[in-house]
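Asks: Sequence first, then the predicted structure, then my questions.
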Amino acid sequence: MIWKNRIRIREKEIHVIEKKMEEALGINYRFNTLNVERVENTGSFNLILADNKIAVIEKNEQYMLSISQILKHPLNKKFVTVDSGAVSFIVNGADVMGRGVVNCDLDIKTDDIVWINEEVHKKPLAIGIALKDGNEIITKITGKVVATIHYIGDKTWKIESGEL
């Protein structure tokens with residue numbers, strides 16, 4: 001994954017992003033700064049920075065709070081909850097397998113950007129792309145149901161948490 005092209009986002013687009021996040025995630029998230037930038041990626045997603053800190057993950061004009069922002073602004077939508085046996089795999093970058101899912105937002109559609117949490121503490125572990133609709137994910141079908149794109153401990157997390 002190579003980060004390239006850091007582009008300042010204009011105020012009008014900031015408001016559009018905030019509105020899309022409100023509709024998709026059910027939260028009233030505001031960047032609270034005009035220093036908002038998009039960092040384009042040669043891989044699967046872009047980052048949106050607010051005051052040089054990762055705030056949002058962007059993919060195909062869908063937006064999800066970063067893992068650290070979910071900790072500050074808890075979400076009740078676009079989630080997939082995995083059992084404790086899946087946690088060690090998810091935090092090492094594995095995709096979510098249907099057998100490990102214990103709950104999810106039934107409104108999830110295929111290709112939605114989602115966040116993955118664990119069943120005991122409900123803390124975010126990763127961000128991914130749904131490979132199935134929510135009603136299919138919850139049936140514990142075999143195979144992958146979410147493709148992980150960002151997880152605790154990856155390079156993006158290290159940037160986000162100040163470890164790099």
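Replies: Structure's in. What do you need?

Asks: Tell me who's in contact with residue 81.
Replies: Residue 81 makes contacts with 101-104, 116-119, 122, as judged by Cβ atoms under 8 Å, 6 or more residues apart in numbering. Backbone N, C-alpha and C define where each C-beta goes, glycine included.

Asks: Surely residue 101 touches residue 137?
Replies: Yes: in this structure, residue 101 is within contact of residue 137 by Cβ atoms under 8 Å, at 5.7 Å.

Asks: Which of the contacts of residue 81 fall in strands?
Replies: Applying DSSP state E to the contacts of residue 81, the entries found in strands are 101-104, 116-118.

Asks: Mutual contacts of residue 101 and residue 137, please.
Replies: With Cβ under 8 Å, 6+ apart, residue 101 and residue 137 have common neighbours 80, 145.

Asks: Identify the residues contacting the helix ranked longest in the chain?
Replies: In the chain, taking DSSP state H as the definition, the longest helix is helix 11-25. With Cβ under 8 Å, 6+ apart as the test, helix 11-25 has contacts from 9, 27-31, 34, 36, 48, 56, 61-65, 75, 77-78.
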